[in-house]
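**Student:** Sequence first, then the predicted structure:
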Amino acid sequence: MADGIAISTNAAELMQRFDRLPACVQNGLLKGIKRGLLLAEDRVRTNTGCNRRKGAAGVFGRLTSFAGTTPAMGVDGQIGFRKTKGFPYELAQEFGAHAKPGGAMTMPLTAKARAAGGARNFPGKLIRLGRILVEAVALKTRTNLVPQYVLLKSIPPRLKFRENVIASMPMISDEIEAGGKEGLSKV
């Protein structure tokens, strides 16, 4: 397996013999892999230092897993993040990020700021107040300042995705073995 991530020897033997197993055992193994990957997703969601944001737009809304069969590989199981346009936010959360010397990164605070994709593409005029970029919104009697972005020098690594997936491997192996036993009971 990739990058030193390995399942137990019993689960590995089941995966190597997958094509020669009866269909009910294959279905049981796939169900076990899916259960194990869903449990790994839960571990990633709960054991990180990231704040959760509601909705599918946040980093945890893009976390996904897949298990199925392919003609080339036999059985395939994956866990990761759905691809999005723009900067891969998950990489910054996993490894950290630093702004260029003399520069800063902008973190959006509102849906309008996220939709713009960055402060340079923002449709309104932004004013810098310390570490915050605000938009001046004219009302009938006064002007309202709406915070849109926060300026950051760095983002610390805090997702711990790899650590959590590696720590989940014994549990995934157990689920594969349990799925094989479920399939055998149906033979």
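**Tutor:** Done, it's in.
**Student:** Can you tell me the centre-most residue of this structure?
**Tutor:** When Cα atoms, centre = their mean is applied to the chain, the residue found nearest the centroid is Leu63 (3.4 Å).
**Student:** Could you list everything it pairs with in the sheet?
**Tutor:** Going by DSSP bridges, Leu63 is paired in beta bridges with Phe81.
**Student:** wait, doesn't it sit right on Asp42?
**Tutor:** No - Leu63 lies out of contact with Asp42 (Cβ atoms under 8 Å); the separation is 9.8 Å. Using the backbone N, CA and C atoms, a C-beta is placed for each residue, glycine as well.
**Student:** Would you map the strands across the protein?
**Tutor:** Under the criterion DSSP state E, the chain carries strands at the ranges 63-70, 74-81, 97-98, 105-108, 126-129, 132-138, 143-152, 154-155.
**Student:** Serialize the ones you listed to TSV and add fields for distance to Ala116 and mean pLDDT.
**Tutor:** As requested, the strands of the chain are arranged in TSV below (distance: least, Cβ to Cβ, whole Å; pLDDT from 0 to 100):
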stretch	distance to Ala116	mean pLDDT
strand 63-70	25	87
strand 74-81	22	85
strand 97-98	19	89
strand 105-108	8	89
strand 126-129	10	94
strand 132-138	10	91
strand 143-152	8	92
strand 154-155	19	89
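**Student:** can you list those strands in a markdown table and add distance to Lys186?
**Tutor:** What follows is the strands of the chain, written out as a markdown table (distance: least, Cβ to Cβ, whole Å):
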| stretch | distance to Lys186 |
| --- | --- |
| strand 63-70 | 18 |
| strand 74-81 | 18 |
| strand 97-98 | 49 |
| strand 105-108 | 51 |
| strand 126-129 | 62 |
| strand 132-138 | 60 |
| strand 143-152 | 54 |
| strand 154-155 | 49 |
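**Student:** winner for burial among the ones you listed?
**Tutor:** strand 105-108 (a mean of 18; mean count of other Cβ atoms under 10 Å).
**Student:** what's the pLDDT at the spatially most distant residue from the centre of the chain?
**Tutor:** Using Cα atoms, centre = their mean, the residue of the chain lying farthest from its centre is Thr141. It sits 44.9 Å away. Confidence per residue is given as pLDDT, and for Thr141 that number is 88.
**Student:** One more: Thr110?
**Tutor:** 90.
**Student:** who's in contact with the residue nearest to it when sequence neighbours are not counted?
**Tutor:** Spatial nearest neighbour of Thr110, chain neighbours left out: Gln148 (5.7 Å); criterion: Cβ to Cβ, 6 or more residues apart in numbering. Applying Cβ atoms under 8 Å, 6 or more residues apart in numbering to Gln148 gives the contacts 108-110, 112-113, 119, 122, 124, 126, 133-135.
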